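Enquirer: I'd like to go over a predicted model; first the sequence, then the structure.
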Amino acid sequence: MRSPYCFLWLVALPLAAQVSVLTYQYDLSRDGVNSSETMLTPANVNSTHFGKLFAVGVDGYIYAQPLYLPNVGIAGGVHNVVFVTTENDSVYAFDADSPQMLWQTNFLNPANGVTAVPAADVNCDQIEPQIGITGTPVIDPSSGTIYVVAMTEENGSFVHRLHALDVTTGAERPGSPVVIQASSPGTGDRTGDTDTLVPGNYKERLGLLLLNGVVYLGMSAHCDLGMYHGWLLGYDATTLKQVVVYNVTPNGSMAGLWQGGAAPAVDSSGNMYIVSANGTFDANSGGPDLGESYIKLSTSNGISASDYFTPYNYATLDTDDLDTGSAGVVLLGDEAGSAAHPHLMAGAGKEGSVYLLDRYHLGHWQAGSDSQIVQSIPKAIGSQYGSPAYFNQTVYFCGAGDNLRAFPIANAAFGSPSLSLFVYGFPGCVPTISADGTANAVLWTLDATPALRAYSAANIGTELYHSSQNDARDSLQSYVKFSLPMVANGKVYAGTQTALVVYGLLTPPLTIVNAATGTAGAAAPGSLIEITGINLAAANASAAGFPLPWTLGGASVTINGVAAPLLFAGAMQINAQVPLAASPANVNVTVMNGNDVVGTGALNIQSVAPGLFTISGQAAVVNQDGSVNSSAQPAAAGSFISAYLTGLGAVTNPVAPGAAVPSNPLSTVMGIVTATMGGQALQVLFAGLAPGFAGLYQVNLVVPQLAAGNYTLQISVNGVAGNSAPVSIQ
């Protein structure tokens, strides 16, 4: 009998849909959208079904957005991991589904005079009560590295370092850390301005960017004090050698890069977009200084400013501390544009004017008005910090002292916005959106009351949820300005002054499907099923062999009170075998994580429920020569093939639950098995349990005399047809 082991992954791997959150606001467009969220919907995000799951304490304020990496081999197991940084110069890796710390790395050594920087020591309380790690890190999943910038005070001296840490241990990578230094040519326009980065004058505020093997970071001043510039610096991601130095005002001063913590945006051609704050502007007269400007940077050969937009009233913005650079930009999809302006971006600063810009023609500067750009709406919102979000031809702004506003956009023009009822105090909010593709979109915010809030993205006029609705259970307890929630795989992560607080569905329903077809509701005794939910297991674990265990990763499953053998268990998915003793009926499925019931669901047991496994859309079939059938490896007419299924029902020589099927004697299907391919009936040579596995059936068939091509295979038992899938014939 042909071995089924090439198909084990079909039933034993975790869901491929689990999302990674590797950077600020999910992707390089900074649109603030996780479009792979299947669990949280406008229907279940409410105070009855949604709330605080747990919180884990940290040693300082969390300004940076949490990041998320699923299925990491770490701390002796496999975990979904959330990464958090603090102003006490700590990096944490927590289990994303339970209050378990996996590792902590701290860059301080008080005994040797190395501490975080008290806000008083830089005469600025913009970041408080101390300065350590402020900018959102970035993760390279290919190397398993998280990049972090930390500031320390060392016996009275200030130091910034770029660290590259192993995501599984928190240990420094070879060559890490490196001290951040910079200088650039320029004349300067202030006494004592040397065009050199003086560490005590700066904080690293931008979210980090990883682009084409370079890690970028941005520097700004403390409360516009001292002599400073806006610096964008790039480091080789492998060696940490500095490879990019860009000074926004080489012949002037100021123009810090902070953007309320937003990271630079990047388009599909690798162009980078940043926004500078108060500072010298002389580009309109041929100079290099780009204070108060939206700047496009080419990265094709080093880095250089290739285009810019500066508001007509930049001098007033500069004088009145209404810098454009208080927020980053969001790149819009081409569906928002027009034939004349297909590639758009949007932004706003402290003045609250909304700018819609053509990324290929930013518009430079003109006197008297901003009529040269695609659209300008003066003072349309409160002061903007962080970045707006974009989803489904709508741009969401959340200014200080203002409502959350949703601006529809079509044909490169903003329409009138809809508003939330709640008015956000300082500093407004940074909206983030979860959705399943374009469906079930939920918009999330944090505010200073403090609270986590949720709206239907399609209707922000009505709140779905806010954490003070059930304050005793769901309280956020504290808030960090400019911070934003992160949504991943059914949970919302919010950083506070003392903890990472995790929200999710309180009693999530289980989804139970045929492991081969993904069809919900029906299974046969002994067949393989897939169960999905939230918090199903304490850790990801796969069965090490046969017989299959009754518990994996702390999880167990019962079907009408009878234990089910497990192939795989994870926080969001379990693969199990229906007990062979199960009788046809509607039954209850219960999942326990340790001693806690974490989900229940319904399953209809039928005498047969055939499901044909597939691989990349093709039927899971092995050719006579042992190769896996595909268009590149078709079966010969007249040869025999082996197809792999589940749910074909009762067999002779039944096998104990979870036990591997022996090759002698064979276990043959007792029902009548038939098959067709391309409308022709096939000769069935064998139909029974696949030796060496549990719950997997094998049907051996003779390939009919057909012309070369792909033909649909369908297998039935007792007249009940399974799903169909193509087989390639040569």
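Expert: Yep, it's here.

Enquirer: could you pull up the residues touching Asp95?
Expert: Residues near Asp95 by CB atoms under 8 Å, 6 or more residues apart in numbering: 79-82, 101-102, 539. (Each C-beta comes from the backbone N, C-alpha and C, glycine too.)

Enquirer: change it to 7 Å
Expert: Residues counted as contacts of Asp95 (CB atoms under 7 Å, 6 or more residues apart in numbering) are 79, 81, 102.

Enquirer: for Cys398, give the beta-bridge partners.
Expert: Counting by DSSP bridges, Cys398 forms beta bridges with Leu404.

Enquirer: I misspoke; the intended subject was Leu331.
Expert: Counting by DSSP bridges, Leu331 is bridged to Met345.

Enquirer: how many neighbouring residues does Pro408 have?
Expert: A total of 15 residues lie near Pro408 under the criterion other CB atoms under 10 Å.

Enquirer: repeat for the one 4 residues further on
Expert: Burial of Ala412, expressed as a neighbour count using other CB under 10 Å, amounts to 19.

Enquirer: tell me the spacing between it and Met345.
Expert: 11 Å (CB to CB, to the nearest Å).

Enquirer: next one: Val91
Expert: Distance of Val91 to Met345, given as CB to CB: 31 Å.

Enquirer: the two: which is more packed in?
Expert: The neighbour comparison of Val91 against Met345 (other CB under 10 Å) goes to Met345, with 28 against 23.

Enquirer: now the more buried one: how far from Leu290?
Expert: Using CB to CB, Met345 is found at 16 Å from Leu290.

Enquirer: returning to what we had before: now, the contacts of Asp95 that are in strands?
Expert: The strands, defined by DSSP state E, take in 79, 81, 102 from these.

Enquirer: ok but Ala111 is inside a helix, no?
Expert: Yes. Judged by DSSP: H, G, I helix; E, B strand; the rest coil, Ala111 forms part of a helix.

Enquirer: stretch 129-146: which residues count as buried?
Expert: 130-140, 144-146 (16 or more other CB atoms under 10 Å).

Enquirer: distance to Phe422 and secondary structure for those - can I get that in JSON lines?
Expert: Converted to JSON lines, those look like this (distance: CB to CB, whole Å; DSSP: H, G, I helix; E, B strand; the rest coil):
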{"residue": "Gln130", "distance to Phe422": "31", "secondary structure": "strand"}
{"residue": "Ile131", "distance to Phe422": "31", "secondary structure": "strand"}
{"residue": "Gly132", "distance to Phe422": "32", "secondary structure": "coil"}
{"residue": "Ile133", "distance to Phe422": "30", "secondary structure": "coil"}
{"residue": "Thr134", "distance to Phe422": "27", "secondary structure": "coil"}
{"residue": "Gly135", "distance to Phe422": "28", "secondary structure": "coil"}
{"residue": "Thr136", "distance to Phe422": "25", "secondary structure": "coil"}
{"residue": "Pro137", "distance to Phe422": "31", "secondary structure": "coil"}
{"residue": "Val138", "distance to Phe422": "32", "secondary structure": "strand"}
{"residue": "Ile139", "distance to Phe422": "33", "secondary structure": "strand"}
{"residue": "Asp140", "distance to Phe422": "38", "secondary structure": "strand"}
{"residue": "Gly144", "distance to Phe422": "41", "secondary structure": "coil"}
{"residue": "Thr145", "distance to Phe422": "39", "secondary structure": "strand"}
{"residue": "Ile146", "distance to Phe422": "34", "secondary structure": "strand"}
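
Enquirer: and the strands in the stretch 201-350 of the chain, which stretches?
Expert: With strands called from DSSP state E, counting those that start in this stretch, the stretch 201-350 of the chain shows them at 202-204, 209-211, 214-221, 231-236, 242-247, 265-266, 272-275, 294-298, 304-309, 330-331, 344-348.

Enquirer: which among the ones you listed is found nearest to Gly570?
Expert: Shortest distance between Gly570 and the strands of the stretch 201-350 of the chain, using CB to CB, is found for strand 209-211: 27.2 Å.

Enquirer: so what are the sheet partners of the closest one and their directions?
Expert: With DSSP bridges as the test, strand 209-211 is paired with strand 214-221 (antiparallel).

Enquirer: coming back round to it: pick the one among the buried residues of stretch 129-146 closest to Gly218.
Expert: Distance to Gly218, by CB to CB, is smallest for Gly135 among the buried residues of stretch 129-146, at 7.6 Å.
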